[in-house]
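>>> predicted structure and sequence below. I'll ask about it afterward.
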Amino acid sequence: MASPILPAFTVRRGEPVLVSPAAPTPTETKALSDLDDAEGMRFYSSGIHLYHADPTKQGVDPAAVIREALARALVPYYPLAGRIREEAGRKLVVDCEAQGVMFVDADADLTAADFGDVQSPPFPCFEQFILESTTVAGVEPVIDRPLLYIQVTRLKCGGFIFGQRFCHCVVDAPGGMEFEKVICELARGEPGPSVPPAWGREMFMARQPPQPSYPHPEYSEPAGGADRMLSTPAGDMARVPFFFGPREIAGLRQRAPPHMARSSRFELVAACIWLGRTAALGYGAEEEVRLSFIVNARGRPDVPLPEGFYGNAFAYSVAATTAGELCAGGLGYALELVKKAKSAVTYDYLQSVADLMVLRGRPLFALSRTYIVSDVSHAGFKSVDFGWGEPVYGGPAKGGEGPLPGVTNYFSRSKNGKGEEGTVVPICLPKDAMDKFQLEVQGLTAQIV
């Protein structure tokens, strides 16, 4: 599962340009939802797709094809070509004036084969293949900036890399994939999007008056002392990808209580990592520890999302206990807490989050002794086909988001050397805790003979 070591290479970028919608679009201001403009959404999320050469596309410039399709896709998705402005109460709106998204083409003296069988984040040397916007004191502003940055890097084999950075205030992962699929449809010659976009942000506006109906501990600091995950220098952290394939999942099911043996793969892996991570970090027995994970509202019968909705449609749900209780309770107790937190997210819960955002000034979720997980296994990264076929790699550029390594993680699908499907998680921990974590995971996943 180790990332390939790339040969020495150079990426030669052209001059970045703004790409505007290919036809006239409405000039208006559209309010983002009270989920969209939370502090925790005010960043850019990065993704990368790697493609082999297609012999039938010889002489065709993928950058030109994608740039043209992008301009056409921005006509129905015109808010993405706008700019965010902040109003009173930290409320964010999008001024839609066809300002455009940032685009650049590039060339790299690499081949698709140089990346080997890369299947999970972080993508090798991802910084070279995504167009970074300006950061200020380590924070990337979202106000009055392009909402999307795209870089198309041609490879010397005829393949290419598509790298993008989306402002998370305007799209979540499934929403971003919907937009990219529209670019793909247009690049492949379709006359328009198969599913027209829907704004629909009024779905997640705070009620009047705002009345949070849940406690939402995720926005309050947990009880206990300082968390070493927030203070350990990046150079003192170890990074290891962990693969949970058929054998590991079978081992976890064996250790789960009988009534929980049919738990989902996500529930098993999340409970395992949370338990092992807590033990490895050596938190005090009375200190509160949390697992926070994204629960997507798409497809839920009680959440009436319009078809084509591409905004943020999820909430962070939290499983919480003390370190002592979690380690003593083992996998069964961890699973119980994960399941309870997962089932708590309803439409009323989402409205309650929106209410809290307005009442408390759109706070950031708490980070101390909190492990934050985003499962992108079903986001549809592999379905992004611009006409060159399915990508060799499609997924997040990084192993997690945010300035603090190891606090957030992506769960993604991958294959091991035997061709077995599984979940891969790029864990980042202080070096002295990583060995203990590996032993904890091995003990939880080893099959009982």
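Right, received. Where do you want to start? Residues are numbered from 1 along each chain as shown.

>>> any low-confidence regions in the stretch 101-250 of the chain?
Within the stretch 101-250 of the chain, the ranges that satisfy pLDDT under 70 run 133-139.

>>> how about the helices in it?
Counting by DSSP state H, counting those that start in this stretch, the stretch 101-250 of the chain has helices at residues 173-187, 246-255.

>>> ok, which of those comes nearest residue 368?
In terms of Cβ to Cβ, the element of the helices of the stretch 101-250 of the chain nearest to residue 368 is helix 173-187, at 25.5 Å. Using the backbone N, CA and C atoms, a C-beta is placed for each residue, glycine as well.

>>> for the stretch 51-200 of the chain, what spans make up the strands?
83-86, 92-96, 101-108, 148-155, 160-167 (DSSP state E, counting those that start in this stretch).

>>> can I get the helices of the stretch 101-250 of the chain in CSV with mean neighbour count?
Converted to CSV, those look like this (neighbours: other Cβ atoms under 10 Å):
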stretch, mean neighbour count
helix 173-187, 22
helix 246-255, 18
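
>>> could I get these as CSV with distance to residue 118?
Below are the helices of the stretch 101-250 of the chain laid out as CSV (distance: least, Cβ to Cβ, whole Å):
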stretch, distance to residue 118
helix 173-187, 19
helix 246-255, 21
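
>>> residue 363 is nearest to which of the ones you listed?
So among the helices of the stretch 101-250 of the chain, helix 173-187 is nearest, using Cβ to Cβ, at 22.3 Å.

>>> returning to what we had before: tell me which of the strands of the stretch 51-200 of the chain lies nearest to residue 44.
strand 160-167 (4.4 Å).

>>> give the other helices and strands that the closest one contacts.
Judged by 3 or more Cβ pairs under 8 Å, 6 or more residues apart in numbering; DSSP states H and E, strand 160-167 is in contact with strand 44-51, helix 62-73, strand 148-155, helix 173-187.

>>> most packed of the strands of the stretch 51-200 of the chain?
Most buried of the strands of the stretch 51-200 of the chain, by mean neighbour count (mean count of other Cβ atoms under 10 Å): strand 160-167, with a mean of 26.

>>> strands paired with that strand, and their directions?
strand 44-51 (antiparallel), strand 148-155 (antiparallel) (DSSP bridges).

>>> make a markdown table out of those and add distance to residue 99.
Formatted as a markdown table, these follow (distance: least, Cβ to Cβ, whole Å):
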| stretch | distance to residue 99 |
| --- | --- |
| strand 44-51 | 16 |
| strand 148-155 | 11 |
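
>>> still on that earlier bit, between the helices and strands packed on strand 160-167, which one is nearest to residue 365?
strand 44-51 (15.7 Å).

>>> what sits up against the closest one?
For strand 44-51, the surrounding residues in contact (Cβ atoms under 8 Å, 6 or more residues apart in numbering) are 62, 112, 115, 118, 123, 126, 129-130, 133, 140, 142, 149, 159-168, 173, 176, 381, 384, 386, 388-389, 391-398, 401.

>>> again, but for stretch 208-222
By Cβ under 8 Å, 6+ apart, stretch 208-222 touches 287-290, 292, 316-318, 320, 344, 348-349, 351-356, 358-360, 363-366, 368-370.

>>> buried subset of the residues you listed as a PyMOL selection?
Per 16 or more other Cβ atoms under 10 Å, the buried members of the contacts of stretch 208-222 correspond to this PyMOL selection:
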select buried, resi 287+288+289+290+292+316+317+318+320+349+351+352+353+354+355+356+358+363+365+366+368+369+370
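
>>> quick one: which of the contacts of stretch 208-222 sit in helices?
348, 349, 351, 352, 353, 354, 355, 356, 358, 359 (DSSP state H).

>>> quick one: closest of the helices and strands packed on strand 160-167 to residue 107.
Across the helices and strands packed on strand 160-167, closest to residue 107 is strand 148-155 (Cβ to Cβ), at 5.0 Å.

>>> distance from that closest one to the middle of the chain?
19 Å (Cα atoms, centre = their mean, to the nearest Å).

>>> over to stretch 274-293?
So, by Cα atoms, centre = their mean, the centroid of stretch 274-293 is 23 Å from its chain's centroid.

>>> can you give me the buried ones in it?
Across stretch 274-293, burial judged by 16+ other Cβ under 10 Å covers 274-281, 283, 287-293.

>>> burial count for residue 64?
Residue 64 is flanked by 11 other residues according to other Cβ atoms under 10 Å.

>>> which non-adjacent residue is nearest it?
Excluding the flanking residues, the one nearest residue 64 by Cβ to Cβ, 6 or more residues apart in numbering is residue 105, at 7.9 Å.

>>> so that neighbour sits against residue 161, correct?
No: here residue 105 lies out of contact with residue 161, judged by Cβ atoms under 8 Å, at a distance of 11.1 Å.

>>> what do the two both touch?
Counting by Cβ under 8 Å, 6+ apart, the residues touching both residue 105 and residue 161 are 151, 152, 153.

>>> against residue 102, how distant is the first one?
So the one you mean is residue 151. 9 Å (Cβ to Cβ, to the nearest Å).

>>> gap between stretch 321-337 and the chain center?
With Cα atoms, centre = their mean, you get 26 Å for stretch 321-337.

>>> make that stretch 169-189, sorry
15 Å.

>>> with just CA atoms, put it into PDB.
Presented in PDB, the C-alpha positions along stretch 169-189 are these (Å, rounded to 0.1, in the frame of the first residue of the first chain):
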ATOM      1  CA  CYS A 169     -19.000  26.200   1.100                       C
ATOM      2  CA  VAL A 170     -20.700  25.600  -2.200                       C
ATOM      3  CA  VAL A 171     -20.400  21.800  -2.700                       C
ATOM      4  CA  ASP A 172     -19.900  18.700  -0.700                       C
ATOM      5  CA  ALA A 173     -18.100  15.600  -2.200                       C
ATOM      6  CA  PRO A 174     -21.200  14.100  -3.900                       C
ATOM      7  CA  GLY A 175     -22.200  17.500  -5.200                       C
ATOM      8  CA  GLY A 176     -18.800  18.200  -6.600                       C
ATOM      9  CA  MET A 177     -18.900  14.800  -8.300                       C
ATOM     10  CA  GLU A 178     -22.200  15.700  -9.900                       C
ATOM     11  CA  PHE A 179     -20.700  18.800 -11.400                       C
ATOM     12  CA  GLU A 180     -17.700  16.900 -12.600                       C
ATOM     13  CA  LYS A 181     -19.900  14.300 -14.200                       C
ATOM     14  CA  VAL A 182     -21.700  17.100 -16.100                       C
ATOM     15  CA  ILE A 183     -18.300  18.300 -17.400                       C
ATOM     16  CA  CYS A 184     -17.700  14.700 -18.500                       C
ATOM     17  CA  GLU A 185     -21.000  14.400 -20.300                       C
ATOM     18  CA  LEU A 186     -20.300  17.600 -22.300                       C
ATOM     19  CA  ALA A 187     -16.700  16.600 -23.000                       C
ATOM     20  CA  ARG A 188     -18.000  13.300 -24.400                       C
ATOM     21  CA  GLY A 189     -20.400  15.100 -26.700                       C
END
